[in-house]
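> sequence and predicted structure, then a few things I'm wondering about:
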Amino acid sequence: MRKLFNQFTQLQTAGGILLGVATLVALFLANSPLENYYQNLLQLTLSLGNLHLSFLHFVNDGLMTIFFFLVSLEIKRELMQGELNSVEKALLPTMAAIGGMLVPALFYLFINHGHSEYTPGWAIPMATDIAFSLGVLSLLNKKIPNSLKIFLTALAIIDDLGAILVIAIFYTQQIGWLYLILAFACLIVLIALNYFDINRFAPYLLFALPLWLFILKSGVHATIAGVLFGLTIPLRSSKQQPSLLKKLEHQLHPWIAYAILPIFAFANAGLSFAGLHWSTLAHPLPLGIIAGLFLGKQFGILSASWLAVKAKWAKLPHQASWQHIYGTALICGIGFTMSLFIANLAFSGSETSSLVRLGVLSGSALSGILGYFVLFFSKKNNTKYNNAQPTILR
């Protein structure tokens, strides 16, 4: 388990670097003479049979479905065998995640009170980008206890689950019931394959593809298909065969970290600075996102964690102090991937898109930089933690 976790964090670290590079490339192209070529690429039409999608929609509705499929696999494994498989281990990151979702949304709604056209963006600052956040923690290496990485990972996974529920409930268009019924039929077959212990991927994929297409046509966001598909993959294993779920996790992680998420960042982070001024940061839309990510996240996570510990419902992670928790709460304000994804569902239009990207990039940068320095200068900064020793939330 320790080896798998270390591999996971190292992969997320490298993925975070690639995310940063892809973001910088997108920002450069959007503010260079190559901007027209960049925009034309995003609008390039891709045809999949009778389905026609722009490159941007293919990334957001197609490739991100694979990302959500992996997230679903991780959630299932953590709930059944990992850091969320008992009340004692799950309570602290669960409460922290809930506080870190509710309070940022309240900050956003408070700042955008009276601006009903921006209300749909209330969920944008709720998200935590696990790749970037673990990447920042990894820069601190042995200056922080390993239990802090486990705490952040568990928190971010619960955060992802919350984002999935928000997308399914609040960002669904008008429903096409016939397509939804057909999708449900595919889901039943997938559940049956799991029930009869089918441990080969091909039969699942055969029904997963029409599941994705039917959900896309139904008006429910297509990425929900990835979530449902992931929950049907068996975690059980036999002496002859390893778990299909763990095998898929292992195979998909490099593709997600090194390809899909950087492509998503490249397609969605291209903020043009033309027409933007420092005063633009005071606009209620980016200001609400910045306040939610930078202030709401730290206040929500820290206060919920404090409540759980003071009420003796949970204990701090092993060897961690309150300064560690505060620094981690700040780092959780790096929303980036999920924040941009939710923003695409909440808004359309180039003007709104620029304001959203400004808010997400600014709030995430502030959170990551301050969180890093809070942890770097923690009062135990001279301690070298033995992170080779397995630790759990206790």
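Ah, there it is. Numbers count the residues shown, from 1 in each chain.
> show the subsequent helix or strand relative to the helix or strand hosting residue 76.
Using DSSP states H and E, residue 76 sits in helix 64-80. With elements assigned by DSSP H and E, the helix or strand that comes after helix 64-80 is helix 87-111.
> send the alpha carbons of the helix holding residue 76 over as PDB?
What follows is helix 64-80 as a C-alpha-only set of coordinates in PDB (Å, rounded to 0.1, in the frame of the first residue of the first chain):
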ATOM      1  CA  MET A  64     -12.300  14.400 -19.300                       C
ATOM      2  CA  THR A  65     -14.700  11.400 -19.100                       C
ATOM      3  CA  ILE A  66     -11.600   9.200 -18.900                       C
ATOM      4  CA  PHE A  67     -10.300  11.500 -16.100                       C
ATOM      5  CA  PHE A  68     -13.600  11.100 -14.200                       C
ATOM      6  CA  PHE A  69     -13.500   7.400 -14.800                       C
ATOM      7  CA  LEU A  70     -10.100   7.300 -13.000                       C
ATOM      8  CA  VAL A  71     -11.500   9.500 -10.200                       C
ATOM      9  CA  SER A  72     -14.400   7.100  -9.800                       C
ATOM     10  CA  LEU A  73     -12.000   4.100  -9.500                       C
ATOM     11  CA  GLU A  74      -9.900   6.000  -6.900                       C
ATOM     12  CA  ILE A  75     -13.100   6.900  -4.900                       C
ATOM     13  CA  LYS A  76     -14.300   3.300  -4.900                       C
ATOM     14  CA  ARG A  77     -10.900   1.900  -3.800                       C
ATOM     15  CA  GLU A  78     -10.500   4.500  -1.000                       C
ATOM     16  CA  LEU A  79     -14.000   3.800   0.300                       C
ATOM     17  CA  MET A  80     -13.500   0.000   0.300                       C
END
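> quick one: contacts of stretch 49-57?
Applying C-beta atoms under 8 Å, 6 or more residues apart in numbering, the external contacts of stretch 49-57 come out as 41-46, 61-62, 213, 216, 267-268. C-beta: built from backbone N, CA, C; applies to glycine.
> one more time with 6 Å
42-46, 267 (C-beta atoms under 6 Å, 6 or more residues apart in numbering).
> what does stretch 300-311 give?
For stretch 300-311, the external contacting residues (C-beta under 6 Å, 6+ apart) are 92, 95-96, 99-100, 103, 314, 325-326, 329, 332.
> show me what the mean pLDDT comes to for that stretch.
Summarised as a single mean, pLDDT over stretch 300-311 is 95.
> and that stretch, what's buried?
300-306, 308-309 (16 or more other C-beta atoms under 10 Å).
> before we move on, back to that, which two in the contacts of stretch 49-57 are spaced the farthest apart?
Across the contacts of stretch 49-57, the longest distance by C-beta to C-beta is 14.5 Å; it joins 45 and 267.
> most surrounded residue in the contacts of stretch 300-311?
residue 100 (32 neighbours; other C-beta atoms under 10 Å).
> right, and residue 46 touches residue 58 too?
Yes - Residue 46 is within contact range of residue 58, at 5.0 Å (criterion: C-beta atoms under 6 Å).
> between these two, who's got more neighbours?
residue 58 (19 against 14).
> tell me how far the closest residue to residue 366 other than its chain neighbours lies from residue 23.
The spatial neighbour of residue 366 that comes closest, neighbours along the chain excluded (C-beta to C-beta, 6 or more residues apart in numbering), is residue 294 at 4.8 Å. According to C-beta to C-beta, to the nearest Å, residue 294 stands 18 Å off from residue 23.
> same question, residue 352
Using C-beta to C-beta, residue 352 is found at 19 Å from residue 23.
> just list the residues touching residue 18, thanks.
Shown in contact with residue 18 (C-beta under 6 Å, 6+ apart): 258, 262.
> and it, how close does it get to residue 143?
For residue 18 relative to residue 143 (C-beta to C-beta), the value is 24 Å.
> returning to that earlier point: the residue nearest to residue 366 belongs to a helix?
Yes - counting by DSSP: H, G, I helix; E, B strand; the rest coil, residue 294 is located in a helix.
> so what's it up against?
Residue 294 sits next to 333, 363, 366-367 when contact means C-beta under 6 Å, 6+ apart.
> give me the pLDDT for it.
The confidence metric pLDDT takes the value 96 at residue 294.
> repeat for residue 267
91.
> begin at 2 from here
New numbering, starting at 2: the last item is residue 268.
> what's the helix or strand for it?
For residue 268, the element it lies in under DSSP H and E is helix 262-269.
> what helices and strands are in contact with that helix?
Judged by 3 or more C-beta pairs under 6 Å, 6 or more residues apart in numbering; DSSP states H and E, helix 262-269 is in contact with helix 3-31.
> sketch out the low-pLDDT regions of this structure for me.
Residue ranges of the chain with pLDDT under 70: 2-14, 142, 240, 350-352, 380-395.
> now do the strands in it.
Using DSSP state E, the strands of the chain run over 46-49, 52-55.
> switch these over to CSV; also include distance to residue 84.
What follows is the strands of the chain, written out as CSV (distance: least, C-beta to C-beta, whole Å):
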stretch, distance to residue 84
strand 46-49, 38
strand 52-55, 37
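> check contacts around residue 166.
Residue 166 is in contact with no residue at all, counting by C-beta under 6 Å, 6+ apart.
> check residue 286 too.
Contacts of residue 286 by C-beta under 6 Å, 6+ apart are 119, 356.
> separation between it and residue 114?
Residue 286 is 13 Å from residue 114, by C-beta to C-beta.
> between the contacts of residue 295, identify the one with the most neighbours.
residue 334 (32 neighbours).
> which one is that one nearest to, not counting chain neighbours?
Excluding its sequence neighbours, the residue lying closest to residue 334 (C-beta to C-beta, 6+ apart) is residue 368, at 2.8 Å.
> residue 257: which of the buried residues of stretch 301-312 is nearest?
residue 302 (24.8 Å).
> leaving out the residues flanking it, which one is nearest to that closest one?
Closest to residue 302 by C-beta to C-beta, 6+ apart is residue 330, at 3.7 Å.
> thinking again about what came up before, can I get the buried residues of stretch 301-312 in JSON lines including distance to residue 186?
Formatted as JSON lines, the buried residues of stretch 301-312 follow (distance: C-beta to C-beta, whole Å):
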{"residue": "301", "distance to residue 186": "40"}
{"residue": "302", "distance to residue 186": "41"}
{"residue": "303", "distance to residue 186": "46"}
{"residue": "304", "distance to residue 186": "45"}
{"residue": "305", "distance to residue 186": "40"}
{"residue": "306", "distance to residue 186": "43"}
{"residue": "307", "distance to residue 186": "47"}
{"residue": "309", "distance to residue 186": "42"}
{"residue": "310", "distance to residue 186": "47"}
